[in-house]
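K.L.:
Take this sequence and fold it.
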Amino acid sequence: MKIKMNLNPKFFALVLVLILFNCKNENTFSDYQYADRPVLLTCGDFNSKLYHEALYSFENDILSFYGKNNKNASQTQAYNQFVRDAFYGRVRLKFEDMVSAHTLKVFEALKNENTLWDVNNTKSHLNYKSPMVSCIANSIQDTALKTTLNSLITTNSMSPKLFGAPLINKYRTAIKDKYLATYIALDLFYAKLFDVDLSKINSNKPESKVDFNKKPE
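P.N.:
The predicted model follows:
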């Protein structure tokens, strides 16, 4: 006896779309080098492991870069120099030397965070209306910076240049406030990589790991 199966075409199409959607958005990144470090962010339903990895890898890169001629350089000094260079437009010429091979892997994974980016934004490729940025804007500890950031976003005036003016004098805050540090990493670092010729980055250069337990100066 033959059993005749009738599949609803609409149901089959829905299942197929869900499968493809889940496959497309699946986080395939697995090279976590900072998984043993403390959890820094709490932003609800988001890829916390990836964002933590992105922040730690960024901090490692800027300290390694700005401390290459100063073995006693601190994370505070690295933030100071990076924020100033970013604000005055000097970092763009140095990304090829600053970015590590591991950070490139993290960046490729971050590209799959679809709501995080706005490639059509001429001011920054970061999507200021994304849930992640909203979490950051509402969680920054410094009241003045929080007010300024939220006001710029609400009025659609946000840009790295406008927020950079008050940020440049508050770089020390990023050492303890990792929501602010994550903003810096995403908008002044990872978002800029979309405009960098990544083929020029030497992925074979030796990588150094910084001591995150070193007391900030």
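
K.L.:
which element follows the single longest helix found in the chain toward the C-terminus?
P.N.:
The single longest helix within the chain, with elements called by DSSP state H, is helix 48-66. Heading C-terminal from helix 48-66, the first helix or strand you meet, by DSSP states H and E, is helix 75-87.

K.L.:
buried residues in that following helix?
P.N.:
Within helix 75-87, the residues that qualify as buried are 75, 76, 77, 78, 79, 80, 81, 82, 83, 85, 86, 87, counting by 16 or more other CB atoms under 10 Å. From N, CA and C alone the C-beta is placed, and that goes for glycine too.

K.L.:
Walking through the protein, point out its helices one by one.
P.N.:
Under DSSP H, the chain gives helices at 9-25, 48-66, 75-87, 95-98, 101-110, 131-139, 143-154, 160-167, 173-176, 178-185.

K.L.:
ok, of the ones you listed, where does mean pLDDT dip lowest?
P.N.:
Here the lowest mean pLDDT among the helices of the chain goes to helix 9-25, at a mean of 41.

K.L.:
Which pLDDT value does the model give the residue nearest the centre of the chain?
P.N.:
In the chain, the C-alpha closest to the average C-alpha coordinate belongs to residue 186, at a distance of 3.3 Å (CA atoms, centre = their mean). pLDDT, residue 186: 97.

K.L.:
close enough to count as contact, it and residue 126?
P.N.:
Yes: here residue 186 reaches residue 126: they are 5.6 Å apart, a contact under CB atoms under 8 Å.

K.L.:
and for those two, which residues touch both?
P.N.:
Shared contacts of residue 186 and residue 126, defined by CB atoms under 8 Å, 6 or more residues apart in numbering, are found at 116, 133.

K.L.:
for residue 115, what are its contacts?
P.N.:
127, 130, 131, 132.

K.L.:
Buried residues in stretch 57-70, which are they?
P.N.:
57, 58, 59, 60, 61, 62, 63, 64, 65, 66, 67.
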